[in-house]
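*Asks:* A structural model of the following input is requested.
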Amino acid sequence: MNDPEKIPADEKEELAALVESYRAGSALQGLREAELRQRFAETEALLTAQQQTLSWKITFPLRAVRHISRGYLPSGHKISDVRAKIQDVYRKDGARGVLHKITPHLQRSAQSFLGRGGRNTAPKAETISQVADRILLPVKQDVLQGFRPSFLIIAELSLRQCAKYRVWQKKEELEALGWHVAVFDWRKNQEILSALQSCTNVIFYRVPAFEAVLSLFAEVKRLNLPSWWDVDDLIFSEEHYKNNKNLDHLTQHERQVVMNGVSLYRNCMMACDQAIASTRVLAQLMREARVERVSVIENALDRQTLDITDQLRAERETLKQSRHKEEVRIVYGSGTKTHDADFRVAAAGIVGAMQVDPRLTLHIMGDLTLPAECDAVKDRIFRHTGRDYIAYMRFLFDADITIAPLDSSVFNDCKSNIKFLEASVLEVPAVCSPSDTFAQVVRHGQNGFLASTPAEWSASLLALAGDAALRGQIGQAARQYALEHYHPVNVVKDQVIPVFGYPPVQARTDLSVMAVNIYFDPRSFGGATFIAEQMVKHLRVRDITVSVFTSCPDLAGREGGVVRYQAAGSPVMSVPVPDDFEKIAGLDNPHATEAFRYWLQTMKPDIVHFHAIQRLGVGLTRACVEEGVPYVITLHDSWWLCDRQFMVTEKGQFCFQEKIDLQVCQNCEIEASHLQSRAALMRSALDSAALLLTPGETHRQLFLANGIAADKVVVNPNGFTWPEQPRTPRKKGTALRFGYVGGAEDLKGYTLIRQAFEQLNMSDWVLYVVDNKLSLGIQSVYAETWKVKGQVVTVPSYTQTTMDAFYDSIDVLLFPSQCKESYGLSVREALARDVWVVTTTPGGQAEAITEGENGNMIPIGAGPEALAAVVRELLNTSERFDDYTNPFKDDLVTFEQQAHQLEALLRQVVMGIRRQ
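*Replies:* Numbering: from 1, shown residues only. Predicted coordinates for the structure are as follows:
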């Protein structure tokens, strides 16, 4: 049963249905998750606002007392845990250390109490603001050439007939040309903000410039998207609109609401690059309103209308048999009560005709206030409630005659000839007012009738009522005219193509790559991020099209929406993922998966290169499979095999498992209930990858030990940047200078280094400790609490610009990581700059070290005595560093070499897929 060819057809159908059921269920859960996320964001905003209120501050002491009485601090931490932590710090650092540790917490608590910090700390809020300033910069329009050509239609969808002809019809027309089209109701602000990130053109249909809409225009401008404002009514000119007689039949409140909207519509129209009108008179008025570029795309026939028509015409005899043969039915679709004034134009003529010919009946669909003269024939006037479009067309098809009266005004000259079109395709003859659009298409007495006065209305209706053959002749001629001038194919050719054209060919080089990493510039955090950024830059230099998918903080006003920006010369799509995202949820993140899927569809890469995707989730790999895009994964760490990313236990000890045993893992995480499911998710993602890359051989062996085929895992060593200038020679006889870049992390060896140096009885040394949280406005390393004889100096993290200066300031790099690193970029950076390295083994960090030649190695897990012994030996032989040069630095792999190999591997995968 493992051979798909041997599975019976009925079982295949059942399996396919089951898969589809799972997919649909997953989609529904994704929608539910999105809804809950939205509610959470709203609740969080409300809670933050509540915490700024005076009443919240006044009641703080009461809440504090209640928490303390229950054994907790107001922060939520157990008092017993905090007491133990303070005692531990006191033993290590004394009273000064305790003061250093608790001061920042007290400051943040005070800020929160005073209403300055809310739920976020000030440094974090400031950092998010800085990130927002970077990623919300304007982007160049030329980047759109690499996108899937598309339109986003932002529309008023509550007016069903308007939406049919101006929105869904436009979607159909554009899709017929090959454009991708998405439609959103203009009130869905957050969804639209996300959709804007991946479209190439925007149409606003009948949208008013409310404040929320103005935020959309700001985003359209930031993204440099071409925009159109589309309308089919004269709703942007107060001068003309107030003369519309239909307003006389509205209440004062209704009139005020309508007139208030006029300026909003005009503002929206003027904010767009171009405008689209449904009629030539409307277009001319747009030009008079100083819209420079205006086009006309008329309301026309569409596939729905033609399909309904074909079905009704096929049922012609059955539908007509139920009606009394002596009745001649006039049908009028009013729509809304704003048509009262229009109907009055024809009322006297209709009544006159009905009085002459007793067979005539009038059937009205929709709201309409009948004038008094209609009372004379009220027994032959029938009202029908509004119906959906299909029912309306069936109702119209049962007519012998239809009417389209319009009051004579500029407002009505702007209206479309929809009523004539709908009747024409059904071969129902129409009598119309001679407004501009009807006068253009109706040939009086040939394909319809035009009537202005009561006498003309009566004469036209009586002529049609008295001659069934004439009705048939007029109806057929009208249908022929409508199909010739308003068939979708003809309208697309004559009107749509001149405005929008065919979608351009998606610009791309012969290889298109999408890089994916949890962080990316400007949030350059972690070694995997640095490698991802460097590979994007170097692949672009090699004339490869590169796009990026990453995370971003949840920005104000975005509420979980994606944001597109430009970095490293490439378009970047970012999805909000909290830094404290729940670990299990981060394994398979539906929100990120759907955003990624849409970005895949937009960029259509040949291959995806995954780096670190913690919190983005392995659902991204499924999206690749479903979209038919091959992917490779660079395995930067052990996340793909172990729930603890670096295989370090809760006690800070490295787990030396090689073949992962989930029972051992379960003993490590006793309360975890997700390990089996996690392993299945990860294995599926690894198995579906076209290729797996590791930075070093040690890391490769870990995956081979866990069942991955040897030919599927390839070493692609990480690169580094050569120094921009020669190293400054060390002054002879000066103190030996050590450096450590891992921050206050035990995993990176911070406590081990401290304990080792506190054992030294020597003072002729300086240790520079990088506090990698200083850039976030947080101090985590307190050098003055170290009990040493030498000198400990705290410095901030170096950048690419300051890297050479940092390594020039040290002679020895300490890299005593307590886990098997997959690579160890800092080690290579130091070795390339003739800096001696002391590191742990085994692991990728030790692969470039030759003991006693360019560094020293101690076992992972060795105590501070082992490190102290190495440091003593270096201090006793410090003269070796006076003119030291690393004899093996030419063996190091640069970023250029890494990118060269990576390109070859990616092309190999893509060419293999293309051959298949």
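
*Asks:* ok, so what distance separates the closest residue in space to R160 that isn't next to it in sequence from Q304?
*Replies:* Distances taken as C-beta to C-beta, 6 or more residues apart in numbering put Y389 closest to R160, at 7.2 Å, once the chain neighbours are dropped. Placement of C-beta: from N, CA and C, glycine included. From Y389 over to Q304 the distance is 7 Å, taken as C-beta to C-beta, to the nearest Å.

*Asks:* Pull up the overlap in contacts between these two.
*Replies:* K164 (C-beta atoms under 8 Å, 6 or more residues apart in numbering).

*Asks:* Which residues does the spatially closest residue to V442 that is not a sequence neighbour form beta bridges with?
*Replies:* Nearest in space to V442, with sequence neighbours left out and distances taken as C-beta to C-beta, 6+ apart, is G448 at 4.1 Å. For G448, the beta-bridge partners under DSSP bridges are H444.

*Asks:* what's around G448, how many residues?
*Replies:* Other residues lying near G448 total 27 when counted by other C-beta atoms under 10 Å.

*Asks:* how near is it to L464?
*Replies:* Computed as C-beta to C-beta, the G448 to L464 distance reads 10 Å.

*Asks:* related to what we said a few turns ago, right, and the residue nearest to V442 touches G475 too?
*Replies:* No - under the criterion of C-beta atoms under 8 Å, G448 is not in contact with G475, lying 9.2 Å apart.

*Asks:* so the residue nearest to R160 makes contact with Y165?
*Replies:* No - using C-beta under 8 Å as the test, Y389 is too far from Y165 to be in contact (10.4 Å).

*Asks:* Could you tell me how many residues sit around L136?
*Replies:* Counted with other C-beta under 10 Å, residues neighbouring L136 total 15.

*Asks:* same deal with the one 5 residues further on?
*Replies:* The burial count assigned to Q141 is 12, neighbours taken as other C-beta under 10 Å.

*Asks:* did I read that right, L814 in a helix?
*Replies:* No - assigned with DSSP: H, G, I helix; E, B strand; the rest coil, L814 falls outside any helix and is strand.

*Asks:* Disregarding residues adjacent in the polypeptide, which is nearest to it?
*Replies:* Nearest non-adjacent residue to L814, counting by C-beta to C-beta, 6+ apart: Y740, 4.6 Å away.

*Asks:* State the number of residues packed around that neighbour.
*Replies:* Burial of Y740, expressed as a neighbour count using other C-beta under 10 Å, amounts to 25.

*Asks:* got any residues that touch both of G448 and G475?
*Replies:* 424, 429.

*Asks:* so how far is Q440 from Q197?
*Replies:* Q197 is 41 Å from Q440, by C-beta to C-beta.

*Asks:* So for the two, which residue has more residues nearby?
*Replies:* Set side by side, Q197 and Q440 show more neighbours around Q197, with 23 against 13, by other C-beta under 10 Å.

*Asks:* Surely that one touches Y565?
*Replies:* No - using C-beta under 8 Å, Q197 is not in contact with Y565, being 9.1 Å away.

*Asks:* Could I get the full set of helices for the stretch 51-200 of the chain?
*Replies:* Assigned by DSSP state H, counting those that start in this stretch, the stretch 51-200 of the chain shows helices spanning 54-58, 60-69, 79-113, 122-135, 160-163, 169-176, 189-196.

*Asks:* Which of these comes out lowest on mean pLDDT?
*Replies:* Sorting the helices of the stretch 51-200 of the chain by mean pLDDT places helix 79-113 lowest, at a mean of 63.

*Asks:* and the gap between the most centrally placed residue in the chain and I153?
*Replies:* Nearest to the mean C-alpha position of the chain, by C-alpha atoms, centre = their mean, lies V562 at 3.2 Å. To I153, V562 is 19 Å away according to C-beta to C-beta.

*Asks:* Please apply the same query to S295.
*Replies:* According to C-beta to C-beta, S295 and I153 sit 15 Å apart.

*Asks:* Look at the two and report which has more neighbours.
*Replies:* In terms of neighbours (other C-beta under 10 Å), I153 is the more surrounded of S295 and I153; the figures are 26 against 17.

*Asks:* can you give me the helices in the stretch 201-350 of the chain?
*Replies:* Counting by DSSP H, counting those that start in this stretch, the helices of the stretch 201-350 of the chain are 211-222, 238-241, 252-271, 280-288, 303-314, 316-321, 340-356.

*Asks:* picking up where we left off before, the more surrounded of Y389 and Y165?
*Replies:* Of the pair Y389 and Y165, Y165 is the one with more neighbours under other C-beta under 10 Å, namely 22 against 14.

*Asks:* My guess is the more buried one contacts S416. True?
*Replies:* Yes - using C-beta under 8 Å as the test, Y165 is close enough to S416 to be in contact (7.1 Å).

*Asks:* and for those two, which residues touch both?
*Replies:* 232, 278, 299.

*Asks:* Which of those sits closest to V766?
*Replies:* Comparing those against V766 with C-beta to C-beta places D232 closest, at 76.7 Å.

*Asks:* What count of nearby residues applies to the closest residue in space to that closest one that isn't next to it in sequence?
*Replies:* Sequence neighbours aside, S278 is the residue nearest to D232 in space, at 3.8 Å (criterion: C-beta to C-beta, 6+ apart). S278 is flanked by 25 other residues according to other C-beta under 10 Å.
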